[in-house]
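>>> next one to model:
(one chain, ligands or ions: 1)
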Amino acid sequence: MVEGLAMEFRNRKGSVPLVMVTAYDYPTARAAEDAGVDAVLVGDSVGMAVLGHTSTIPVTMEEMLHHSRAVRRGLEKTLMVVDMPFLSYQVSVEDALRNAGRLMQEGGADAVKLEGGAAVADRIEALVRAGIPVMGHIGLTPQSVHQLGGYKVQGKDPDAASRLLDDARRLEEAGCFALVVECIPEGLGAQIGRTVSIPVIGIGAGAYCDGQVLVMHDLLGWSYHPAPKFVKRYADFAGAAAEAVRQYASDVRERRFPAVEHVYFPESGERVG
Ligand code: KIV
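Numbering: from 1, shown residues only. Now for the predicted structure:
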């Protein structure tokens, strides 16, 4: 862990937009660090992007720890934020402390992220008092997808927008060093950014946030779920992977692989067969 990275991140509001991306294992962590992003999120989106679930709800603490340790091995200088999975903080402040502590001690997290507004402020206060940097997450909170009635844009009417602004203020007051806002109208994203003094990192929240976050597999085009409107795909890893495996299968079937450069010979021997 590199001390103070979360506080450095907080202090960078208002300069160049901050860049965060998810990572779930050693190669995705290395890609993020080599690209020089400002923060890596071990998101509970691992459940959908990597584990094949249809939501983030089945993801467990043990799975988050497993993926966090792999990401930690791939990062030297980049802030690593780890998501607290469903039911690891909702039940009690004690649970929140114990589980956030495990993500730091056993998973190597520099900071944790949890979903929710004013309703989870007491948990955030307790974590911050214990010395754990916390990133908030409001707007579309995927762990509440069943309560929200699906993956829908949030904060569209004036009452809902004003509740989100109140939540953002309350999370800043509780001690969050940054805030993710997901799937809200662009103007509201900008308004939240002007309302709080901590960085507001948007995903589907428009161009005027203090930074952006995307799911690694979405931006790589390695996702098998329909992509939301806010995703920009920078590559076609799914297509490239299937094509590479197709070529390998064809080489094996046509006996083009292994070729002479891929096989071993005895000292005096020649290729037989
Ligand atoms: O789990 C995740 O990837 C997230 C981002 C969508 C912000 O929480």
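>>> how about the nearest residue to the residue of the chain at minimum distance from the ligand, chain neighbours excluded?
Going by C-beta to the nearest ligand atom, the ligand is nearest to residue 43 of the chain, at 2.5 Å. All C-beta spots, glycine's among them, are computed from the backbone N, C-alpha and C. Counting by C-beta to C-beta, 6 or more residues apart in numbering, residue 43 lies nearest to residue 22, which is 4.2 Å off, once chain neighbours are set aside.
>>> residue 239 too?
residue 221 (7.2 Å).
>>> got a list of what the one you found touches?
Residues near residue 221 by C-beta atoms under 8 Å, 6 or more residues apart in numbering: 233, 234, 235, 236, 237, 238, 239.
>>> contacting residues around the particular helix or strand that has the last one in it?
The secondary structure element spanning residue 239 is helix 237-253 (assigned by DSSP states H and E). Helix 237-253 has contacts (C-beta under 8 Å, 6+ apart) with 217, 220, 221, 222, 223, 224, 256, 257.
>>> buried subset of the residues you listed as a PyMOL selection?
Burial among the contacts of helix 237-253 is assessed by 16 or more other C-beta atoms under 10 Å; the matching PyMOL selection reads:
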select buried, resi 217+220+221+222+223
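>>> can you redo the contacts of helix 237-253 as a markdown table with secondary structure?
Shown next, in a markdown table, are the contacts of helix 237-253 (DSSP: H, G, I helix; E, B strand; the rest coil):
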| residue | secondary structure |
| --- | --- |
| 217 | helix |
| 220 | coil |
| 221 | coil |
| 222 | coil |
| 223 | coil |
| 224 | coil |
| 256 | coil |
| 257 | coil |
